[in-house]
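> return atomic coordinates for the entry below.
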Amino acid sequence: MARQTREELCGQQDSDVAGSAAAARMDRGVRHDEPSADNPVSPMQFPAFDWNRPAPTPGSREHELGQRVTKRHRKLLKTGPVIRSLSNFSLSSSSLSDSMPESWRRLSRIQEARRRLMKEVCAKYRSNISRTVTPHHVSRIYVEDRYKLLYCEVPKAGCSNWKRVLMVLDGVASSTRDIGHDAVHYGNHLKRLDSFDRQGIARRLDTYTKVLFVREPMERLVSAFRDKFESPNSYYHPVFGKPIISKYRVNASKSALRTGSGVTFQEFIRYLLDVHRPVGMDIHWEPVSQLCSPCLLDYDFIGKFETMEEEANFLLRRTGAPRNLTFPTFKDRNPKAARTSTHITQHYFTQLNASDRQRAYDFYYMDYLMFNYSKPFKDLY
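Residues are numbered from 1 along each chain as shown. Modelled structure (predicted):
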């Protein structure tokens with residue numbers, strides 16, 4: 001039980017996620033969600049529907065952030081100037097010599113566009129955000145000092161394999177294939193940024209390459225549900241499953257209440273959207289815009305799970321990693337189960353009513369906007 005808890009605490013936060021997505025809704029005509037080379041995720045098709053959003057509970061983080069987006073902010077979203085300035089990050093296309101492969105130039109241009117969009121969204125929605133970095137803001141960031149990398153762990157977006165890569169870079173192992181699941185989650189081989197003092201944190205944030213990899217939010221959510229609730233799990237079933245079943249299932253059996261097994265996707269979504277959750281938030285489904293504080297930390301590299309292998313290897317080459325180190329693609333948890341895909345995600349969301357689909361989209365709205373993902377369902381607003 002102790003070992004399982006340590007693994008799951010790798011993906012656990014007790015504080016509730018702020019519902020800034022629901023508060024920071026801009027005019028639906030202003031979106032960056034058209035499919036493109038930078039945005040390969042095709043929208044899932046669902047019928048149109050209407051939804052009335054319940055007001056956030058006073059005193060909650062949802063309510064607190066909701067107060068930050070004023071009518072003035074919404075007006076600025078429509079009329080404010082586009083931000084064009086870019087940092088002097090070494091992966092920019094202008095820093096590449098003429099001899100560099102065209103694929104590198106293309107990937108550098110993608111990075112510039114992603115970072116520019118993130119800056120624009122942060123400037124428009126979070127103009128009054130605190131600029132003070134606390135240990136909490138960097139608690140999910142892993143440190144690799146030799147190659148000067150800071151990686152923010154986003155569960156269900158390739159984080160296990162990224163930790164394998166960091167362990168090889170740190171000299172813990174010679175190959176990612178040599179690092180089993182237990183070593184990744186129980187070994188404590190990697191340092192977190194919040195383990196350093198204030199000066200150590202500030203110096204690394206200022207001089208290291210800050211890396212973030214994201215995933216289509218609904219696909220990541222379904223992946224987390226399948227992993228934690230549809231497979232045997234000695235942590236998530238009793239800690240999350242029992243209170244979820246107790247609150248949201250009518251006439252729950254004694255067995256279900258005792259074990260916490262068998263949580264349905266509908267019950268899980270009711271928990272997720274409840275401002276009075278019976279158990280706290282968890283980083284496996286916490287929005288990335290909250291989990292990794294991108295508006296505060298200004299990431300240098302924003303990769304996507306959908307194009308993980310190409311982008312991760314590009315980053316490794318540009319940071320001087322050993323040429324024989326490439327990003328692993330194997331799946332070591334539930335290896336026989338199919339990876340969560342757009343099709344599988346669509347199947348799960350057909351189990352929800354129209355209102356809950358809209359509310360789930362609102363919950364992750366900032367992630368959709370900040371990382372340029374298409375609306376997942378037809379006629380969302």
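> and for the closest residue to Arg270 other than its chain neighbours, the neighbour number?
Counting by CB to CB, 6 or more residues apart in numbering, Tyr248 is the residue found nearest to Arg270 once chain neighbours are left out, at 4.8 Å. Heads up, the C-betas are built off the backbone N, CA and C, glycines and all. By the measure other CB atoms under 10 Å, the count of residues near Tyr248 is 18.
> ok, now Leu380?
21.
> which non-adjacent residue is nearest it?
Once flanking residues are discounted, Leu380 sits nearest to Tyr361: 5.2 Å by CB to CB, 6+ apart.
> pretty sure the one you found contacts Ser374?
No. Under the criterion of CB atoms under 8 Å, Tyr361 lies out of contact with Ser374, with a separation of 11.2 Å.
> element containing the closest residue to Glu219 other than its chain neighbours, please.
Leaving aside its sequence neighbours, Glu219 sits nearest to Thr345 (CB to CB, 6+ apart; 4.7 Å). With secondary structure defined by DSSP states H and E, Thr345 is part of helix 342-349.
> now for that helix, which elements pack on it?
helix 217-229 (3 or more CB pairs under 8 Å, 6 or more residues apart in numbering; DSSP states H and E).
> re earlier: list residues touching both of Tyr361 and Ser374?
The overlap between the contact sets of Tyr361 and Ser374 (CB atoms under 8 Å, 6 or more residues apart in numbering) consists of Tyr368.
> list the residues that contact the residue nearest to Arg270.
Taking CB under 8 Å, 6+ apart as the contact definition, Tyr248 lies against 267, 270-271.
> quick one: the helix or strand harbouring the residue nearest to Leu380 to helix 342-349, angle?
Assigned by DSSP H and E, Tyr361 belongs to helix 354-363. Between the direction of helix 354-363 and that of helix 342-349, the angle (axes from the mean of the first three to the mean of the last three CA atoms, to 10 degrees) works out to 120 degrees.
> show me where the stretch 151-300 of the chain has its helices.
Secondary structure of the stretch 151-300 of the chain by DSSP state H, counting those that start in this stretch: the helices cover 159-169, 181-186, 198-207, 217-229, 236, 242-248, 254-259, 265-273, 288-291, 294-297.
> redo the ones you listed as CSV? Include distance to Thr319 and mean pLDDT.
Supplementary listing: the helices of the stretch 151-300 of the chain in CSV, determined by distance: least, CB to CB, whole Å; pLDDT from 0 to 100:
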stretch, distance to Thr319, mean pLDDT
helix 159-169, 9, 95
helix 181-186, 21, 83
helix 198-207, 13, 96
helix 217-229, 25, 97
helix 236, 35, 98
helix 242-248, 41, 98
helix 254-259, 46, 97
helix 265-273, 36, 98
helix 288-291, 22, 96
helix 294-297, 18, 94
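> including distance to Gly303, could the ones you listed go into TSV?
Written out in TSV, the entries for these read as follows (distance: least, CB to CB, whole Å):
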stretch	distance to Gly303
helix 159-169	9
helix 181-186	19
helix 198-207	19
helix 217-229	14
helix 236	27
helix 242-248	32
helix 254-259	38
helix 265-273	25
helix 288-291	12
helix 294-297	13
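> any idea which of those gets closest to Ala337?
Set against Ala337 and scored by CB to CB, these come closest in helix 217-229, at 7.2 Å.
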